[in-house]
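Chemist: just the structure for this:
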Amino acid sequence: MRFTKGLLTIGLVATLAACASDQSNDSTINEDVRVGQREEISDGPFDNGQQYEDGSYGRTYGAVDGPAGGTQQDLVVNIGDRVFFGYDQYNLTSDARRTVEKQVAWLEQYPNLSVTIEGHCDERGTREYNLALGEKRASAVKNYMVALGISPSRVSTISYGKERPAIPESNPSAWAQNRRSVTKVQ
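Modeler: Reported below is the predicted structural model:
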């Protein structure tokens, strides 16, 4: 055990030393360029350059703005794709309405997108009952979106009942996470 700790310590020190001494001599990148900032290039357009609104050309290094707009990942990360429901309920809570309102504002930014609202239930109840309840949940979300101005032709619904649990466990915490609707970008 003592020998293993010693080896780990030596390995860690060696790795850190190697990282600290590894310096790039790439002369094309100005040392003052920071992540998300651009380096001015005065010679005109390059294959990897970009022309900005002011007419200058430059490159952006290491800019990470998150997921591409209008994608499922964008919806999940920046807005939220899930609405949760109470036991045997399909009415929208105030939290659920706020989430749907954010989804509507997001959809208004991307008028060419359509979505499918999936209705889900926890494992309790019969298959038929949960399919019907899942449809009511999905329809509640769709109806609120339509009431807020989204065209009904942009929103479809489907019920999975209890067939696709988010958390495949049998306890109150899992059940609460499985009673949901999920908005999917088409």
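Chemist: can you map out the strands along the chain?
Modeler: Under the criterion DSSP state E, the chain contains strands at 38-41, 50-51, 57-60, 82-84, 115-120, 155-161, 180-185.
Chemist: what are the contacting residues of the fourth one?
Modeler: Residues lying outside strand 82-84 but in contact with it, judged by C-beta atoms under 8 Å, 6 or more residues apart in numbering, are 92-93, 95-96, 99-100, 137, 141, 176-177, 179-183. The way it works is simple: take the backbone N, C-alpha and C, and place the C-beta from them, glycine included.
Chemist: quick one: which of those residues sit in helices?
Modeler: 95, 96, 99, 100, 137, 141, 176, 177 (DSSP state H).
Chemist: buried ones from those residues, can you make that a PyMOL selection?
Modeler: The PyMOL command for the buried members of those (criterion: 16 or more other C-beta atoms under 10 Å) is given here:
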select buried, resi 96+99+100+137+141+177
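Chemist: and the ones in helices among the contacts of strand 82-84 as TSV, adding pLDDT and distance to residue 121?
Modeler: As requested, these are arranged in TSV below (pLDDT from 0 to 100; distance: C-beta to C-beta, whole Å):
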residue	pLDDT	distance to residue 121
95	97	19
96	98	15
99	98	18
100	98	19
137	98	8
141	98	14
176	98	12
177	98	12
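Chemist: export the ones in helices among the contacts of strand 82-84 to JSON lines and tack on distance to residue 164?
Modeler: Listed next are the ones in helices among the contacts of strand 82-84 as JSON lines, based on distance: C-beta to C-beta, whole Å:
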{"residue": "95", "distance to residue 164": "22"}
{"residue": "96", "distance to residue 164": "19"}
{"residue": "99", "distance to residue 164": "20"}
{"residue": "100", "distance to residue 164": "21"}
{"residue": "137", "distance to residue 164": "13"}
{"residue": "141", "distance to residue 164": "16"}
{"residue": "176", "distance to residue 164": "16"}
{"residue": "177", "distance to residue 164": "12"}
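Chemist: just the ones in helices among the contacts of strand 82-84 now: which is nearest residue 163?
Modeler: residue 137 (13.9 Å; C-beta to C-beta).
Chemist: before we move on, the earlier item: now, which of the ones in helices among the contacts of strand 82-84 sits nearest residue 148?
Modeler: Distance to residue 148 across these (C-beta to C-beta) is lowest for residue 100, with 7.5 Å.
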